[in-house]
Structures are given as structure tokens and as C-alpha cells.
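Student: take a look and give me a structure for this.
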Amino acid sequence: MPSATTKNVIVGTAGHIDHGKSALVEALTGTHPDRLAEEKRRGITIDLGFAFLEEKGVRFGFVDVPGHERFVSNMLAGASGIDVLLLVIAADESIKPQTREHFDICRLLGVKRGVVALTKSDLVDADTLELVRMEAEEYLRGSFLERAPLVAISARTGSGLPELKKALHDAAADAAAKDAGRYFRLPIDRAFAMKGFGSVVTGTLISGSVGAGDEVELFPSGERLRVRGVQSGGKMVERATLGQRTAVNLAGIEHTALRRGMVLAAPGKFRKTRRIDVRLELLASARKVKQRSRVHFHTGTAETIAEVFLHGVKELAPGGSAFANLKLQDEVLVLPGDRFIVRQFSPVVTIGGGGVLDPLARRPMVRDMGRTVFLEALEKGKHEEILSAMMERALLGLGYEEIVARTAWTEREIADAVARLSQTGLSKTVSTEPLVLVSGKLFEEVQKKIVEKVDKFQKENPLLPGMAREELRASLGKRVRTETFRSVIENLAAQKKLDVQGESVKKAGSEIALQPEELKAKEQIEAAFAAASLSVPSVKEVLAGLPVEPMRAEKLLHILLREKNLVRVTAELIFHREALAQLKAQLSAYKESKGDRITVPVFKDLTGITRKYAIPLLEYLDRERVTRRAGDERVIL
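Tutor: Residues are numbered from 1 along each chain as shown. Predicted structure coming up:
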């Protein structure tokens, strides 16, 4: 097992068919990467092959790709996650069409370092070898391989192998250190069943780590699966980390349900998508791309069809670059920074590629004038600038889960960005558990709307103490989330602009001001119920004889109920509080003199009321825990 200090480096081969890529990998590692019977029969690589070499503190994982133009889609599936490119040019044929296409693909995928192997050097004389070297140097001028070592090698004789290994070690040493603390992602390039183990998938681990017992999520289906075991380089390991070729044994799924193009990822963190905003770059050799063009889209190990919508331009010229929205035929998992390749719809040739900016993009709209500025922030901004740009376009604000799904930032990165952004006043944290952010502008707009709605309500309803909290929230519509509403209400109350009493919201300092006729009517209502004792009239009777219209009379009744001068026992029966207090006193006296049990007939005789009032009052007393029903009797508590 490799030590903790072992550096994991993925080396991807690239080059024309029959230029000796597989033979070279076998000479370096001792393992021939071709595994299919047809590959061995025909002597060409059809699908991806893998081999490993560990020495001098570096663990190389070789991904051998097919060179034939018919299998470029297979080549693309193996190109993701490459750290070092091993560009293979046969000395007896020099640069050929697939040399160019493979190299363009690796450049578009953002590969930064590599080595050039001039294979079959034993088949040419010194002059021819030097000519091929010069052609390669000319072709690579201005590219990321401009200063890369060109090593003449023969896989058959072994000539040049030590020099090639040294060049690979130098490139590996120059490769950036990798952060294993990010969320796990493994694009699947193979899926098969292994006797005694079950379903196994393989891929290059491009982020995070995975170990036995972990729960993972399968994209795009969303299934949660358990990891039985992990291998890297043909050996069982406790955990595999990014940069390693990895095999994962999965429980709970048949291998027939797994296929190339799927992705294993940390559970509950990401979302599948069919729309992405990208920076699209065209090769100088490509045809121009027009609005709504269809292309073959490749990212990681996935392949689908995409429709191109260009932002800000009507067409993209060869060698040009533009922001674009891609509508994908199939759902994929991509994250910001992921690289992709596009190939012409027909004939199928590589025409460009680029990087993902927004993996959960909106449908493009002509009137969306701010999209270009937004994408510029995503492309070049710091974390706090990206967060601010996302908030400005988030109608409901941003929750923690959405931030992770759209950025793949860690908890610490999000916390740091929030802290820096909060100092600018451009954002407002309306909830910490869970984290919810809104723009300062949105927060102020919601505050203004709430104050206006409360003010309007109280002007239209002067006899009500305030607006029901839930009614106020609903009046704002679905564009204001619950956390934002709660935070705004708390902020306005703290500023003494609103008073919040239970479920009622009113302007701070406002009181109900009754007109003289309203005051008189209120007194009449209370007096009517007080005089009736327990044989109360119907609400309709009381309100009908008042000097105010029915709507105001109803509101006056509600004021008395809120003040608890009146108590509603049932929908139709309302009693004065003093009458109920006297009733409780009567029961208390009855308990002292005659015991704690009373029947309905005795209760009627004691109070002098009919069954119409007796049963509702006894049920009210049960609710108030003054009495408790026991069969046909009541126990006085």
C-alpha cells in the first residue's frame, strides 16, 4: 500500500492510431493496457485501458486511450482527471490527424503539463528522427507543451525508457498538490460484476476520497448506495483519494444498472442538471457556431447532445470565445470549473470546449440583460464576489444547500465568503440554522412592503388591533421565503417600527381609537351579555340592535373577545366573563357542601338554565379543567 506521502499522478496517453501508445505503457509498467479480446485480436485499442507504476514516491496511474477516430468518444471518457499528458508521436509517421485532435482535446480540457514521446525511434535513421523532432517542436510552439521534453524511445528495444521515466517524474513533481478535503466525485468509466463481490465501477477519482462503509449518491438517478470496498492499482485500500485510479465495490445495485457517464458523489450535496452556463471556446480549425446549433457534448465520462444558445452574440467565429447556455438532452452532474468538449454534430469532429460556470443555469431569455455581468463574476470573481452575484439573481435568497450545489464550496469556504460579504452590507443573513442569505437590497424591499401592508391594513381596519402574522406573510407571495419574513419582522420590531403581539402585527404605538357611536355600541354589547347571565341571547340578536352597521358591530364584538370581557364557548354562545366566574364559584361551593360529583339535571337546577346552555357550559368547564366527565356525571376538580 502506498504511504501517506506517495504522490498520485494520472498520466493520459494521446496520439494517432498505431503510434505505439499501448506498447509504450506496457514498456513503462509491465502491464499491457488492452483488455478486450477484440483489441488483442485486431491489435488496436478500442476502449480505455489502465496500468500502474509506483517508484520514487510517485504512484502513476496510466490511462491508455484509443487512437482511432471512430473511438474518440472513448478517448474523451478517459481524458478527465489527467494530470500529465503523454503525447505519443511515431517517429516513422510524425504528426497525424488524431495527434492533432487528441492534443486539441487535452488543451481544451485544461491539461497544463506533459511529456512528448517519439516512439518507434528504432525504425528510422537519425536524420528522420531529428526531422520529426523539429516538426513536433514547431507544432507545439505556443502551447502548454512548448517547453516539454521530447524523448525518443523504442518500446521494443527499451531505448529511451530511463529518460522517459525521468521526464514523467519531473512533470509529476511539477504537478500541483491536491486537496483531498473536498466533496467526493468519481466519474464512472467502467461497470462490471466481479464474482464474489458483485457490482464494481471504476474511474479516476477527481475530488475528495472514498472508503468502505461510505454512503454515496449515484447521478443522475439519485440512488443512495453503500460502498463495500475500494481498490486502487489492483490493491485493496482503506480509502482512495483524488488523483487515483479507483475501483469501488457497491452494494444494493446490479451492475447492469450502472454505466459509463454516471457519477458517484458525496450524498445530498449536488444536483443533476440539463442547463448549464459556460465559457465556450472554438478551435481555429472549426466551423462557426450559430445560435441554436446542436453539438455533441462530453464532460467527465458522460456524453450527450447539447443545443447552444450564445449570450451577447449571434454566432461564434472559429478561434473565438463567448458565454453560452447549453441545453443538454440528458441529465448530467457538473460543477463550476469542470471542463468539457464539444464536437460538431455532423460530421463528428472536435470543434471546441470550455469550462462550466453555472451548473444550474436558468433558461436563457432575451430580456435577461444581467446574465453576462453575472457570468463574468462567476468566471473571475473571488468567493465573496461570486456569492454576491448569485444573491442578486436569487429571488428567494440563497440557502446553504443551493450554495453547495452550485459551487461545491466546503463549509469553511462558505463561512469565510459569508463573513467577508457581510462586511460590505450587500448581504443579510436571515437564518443561521439552516444558513439563508438574501441581498441587502431584497431585505430592504421586503421591509418596505411589510410596513406598507401593515399600514394599509390598519387604515382599512381601524377596529382590529393589527394584521394576522400569517395573513401578512401570505400577502407577500411565494417570492419571500419564511426565513426572510421572520428576520424582517424581528428587525422591524427591534427598530420599534412594528409591534408584534402573539400572532398579530401592528404599527408601533398604534392603538384602537373608537368613535363615540362605536364606544356606545361596544358598551351595549357587553351590557347585553352581562345582563343575561348564563341564559345568553344569540349573537345575531345582540348585534342587530346596535347603532352601527353589522361589519363594525362584528369587529366591536371581536374587541371584547380579545379583551376577554366576553368568552366564546361555542360558535353561537358567548358569555360575560363575570357570569362564568360566578358559575365557577357556584361549583366550588357545591363541592364543599355536597361533594365533588354533579349530574346534568343537578347542574341545570343549580344554575337555573336549560339543557341548551348546560351541555355547552359543562363541555367548556371540562376544557378549562374545572370539571372532568365521568360517565353521566362530572367530577368537580
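Student: use CA for all of it now, contacts and neighbours both
Tutor: Will do.
Student: relative to Leu316, how far out is Gly353?
Tutor: For Gly353, the distance to Leu316 equals 13 Å [CA to CA, to the nearest Å].
Student: out of these two, which sits in the busier spot?
Tutor: Looking at Gly353 and Leu316 with other CA atoms under 10 Å, you find the greater number of neighbours at Gly353, namely 27 against 20.
Student: what lines up beside the helix or strand where that one lies in the sheet?
Tutor: Under the criterion DSSP states H and E, the helix or strand holding Gly353 is strand 350-358. Strands that pair with strand 350-358, judged by DSSP bridges, come out as strand 273-282 (antiparallel), strand 339-344 (antiparallel).
Student: I'd like the next helix or strand past the first one.
Tutor: In this case it means strand 273-282. Per DSSP H and E, the helix or strand that comes after strand 273-282 is strand 289-290.
Student: how far off centre is that following strand?
Tutor: Average the C-alpha atoms of strand 289-290, do the same for its chain, and the two points are 31 Å apart (CA atoms, centre = their mean, to the nearest Å).
Student: quick one: list the elements packing against it.
Tutor: In this structure, strand 289-290 makes packing contacts with strand 315-316, judged by 3 or more CA pairs under 8 Å, 6 or more residues apart in numbering; DSSP states H and E.
Student: give me the neighbour count for Gly158.
Tutor: Going by other CA under 10 Å, the residues that sit close to Gly158 add up to 13.
Student: in contact with it, which residues are there?
Tutor: With contact set as CA atoms under 8 Å, 6 or more residues apart in numbering, Gly158 has these partners: Ala27.
Student: quick one on the thing from earlier: the strands paired with strand 350-358: which one's closest to Ala493?
Tutor: strand 273-282 (41.3 Å; CA to CA).
Student: related to what we said a few turns ago, who touches both of Gly353 and Leu316?
Tutor: Among the neighbours of Gly353, those also in contact with Leu316 (CA under 8 Å, 6+ apart) are Leu282.
Student: hang on, the earlier thing: lowest-confidence stretch among the strands paired with strand 350-358?
Tutor: The stretch with the lowest mean pLDDT among the strands paired with strand 350-358 is strand 339-344, at a mean of 92.
Student: after the strand holding Gly353, which helix or strand is next?
Tutor: Next along the chain from strand 350-358, counting by DSSP H and E, comes helix 371-380.
Student: which strands and helices sit next to that following helix?
Tutor: Here helix 371-380 touches strand 350-358, helix 383-392, going by 3+ CA pairs under 8 Å, 6+ apart.
Student: strand 273-282 and that helix, what's the angle between them?
Tutor: Angle between the axes of helix 371-380 and strand 273-282 is 80 degrees (criterion: axes from the mean of the first three to the mean of the last three CA atoms, to 10 degrees).
Student: buried ones in helix 371-380?
Tutor: 371, 374-375, 377-379 (16 or more other CA atoms under 10 Å).
Student: thinking again about what came up before, so which of the strands paired with strand 350-358 comes closest to Val418?
Tutor: For the strands paired with strand 350-358, proximity to Val418 was assessed by CA to CA; strand 273-282 is nearest, at 23.8 Å.
Student: can you list the residues that contact the closest one?
Tutor: Strand 273-282 is contacted from outside by 316-334, 351-363, 375, using CA under 8 Å, 6+ apart.
Student: could you redo the last one with a cut-off of 6 Å?
Tutor: Residues outside strand 273-282 that contact it (CA atoms under 6 Å, 6 or more residues apart in numbering): 318-328, 331-332, 351-361.
Student: same question for stretch 187-206.
Tutor: Taking contacts as CA under 6 Å, 6+ apart, the residues outside stretch 187-206 that touch it are 81, 185-186, 242-250, 254-255, 258-263, 301.
Student: now, of those, which are buried?
Tutor: 81, 185-186, 242-250, 255, 258-263, 301.
Student: flag every buried residue along stretch 165-180.
Tutor: Of the residues in stretch 165-180, those buried under the neighbour-count criterion (16+ other CA under 10 Å) are 167-169, 171-172, 175.
Student: export the residues you listed to TSV and append columns for secondary structure.
Tutor: Shown next, in TSV, are those (DSSP: H, G, I helix; E, B strand; the rest coil):
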residue	secondary structure
Ala167	helix
Leu168	helix
His169	helix
Ala171	helix
Ala172	helix
Ala175	coil
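Student: out of the strands paired with strand 350-358, the one nearest Ile403 is which?
Tutor: With CA to CA, the closest approach to Ile403 among the strands paired with strand 350-358 belongs to strand 273-282: 15.0 Å.
Student: what about Ile489, how many residues nearby?
Tutor: For Ile489, the neighbour count with other CA under 10 Å is 22.
Student: could you work out the end-to-end span of stretch 240-256 for me?
Tutor: With CA to CA as the measure, the first residue of stretch 240-256 is 24 Å from its last.
Student: circling back: sort out which of the contacts of strand 273-282 are buried, if you could.
Tutor: Neighbour counting over these (16+ other CA under 10 Å) leaves 318, 320-328, 331-332, 351-361 as the buried ones.
Student: worst-scoring helix or strand of the chain, pLDDT-wise?
Tutor: Of all helical and strand segments in the chain, the minimum by mean pLDDT, DSSP states H and E falls on helix 37-42, at a mean of 40.
Student: which elements pack onto whichever helix or strand comes after that helix?
Tutor: Elements were assigned by DSSP H and E; along the chain past helix 37-42, the next helix or strand is strand 49-55. Using 3 or more CA pairs under 6 Å, 6 or more residues apart in numbering; DSSP states H and E as the contact test, the elements touching strand 49-55 are strand 58-64.
Student: for the strand it packs on, which strands pair with it and how are they oriented?
Tutor: Strand 58-64 has its sheet partners listed here by DSSP bridges as strand 7-14 (parallel), strand 49-55 (antiparallel).
Student: in the helix or strand in which Tyr620 is found, what counts as buried?
Tutor: Taking DSSP H and E as the criterion, Tyr620 maps to helix 611-623. Along helix 611-623, these residues count as buried under the neighbour rule (16+ other CA under 10 Å): 613-614, 617-622.
Student: so how far is the next helix or strand after it from its chain's centroid?
Tutor: If you walk from helix 611-623 toward the C-terminus, the next helix or strand you reach (DSSP H and E) is strand 627-630. Using CA atoms, centre = their mean, the distance from the centre of strand 627-630 to the centre of the chain it belongs to is 55 Å.
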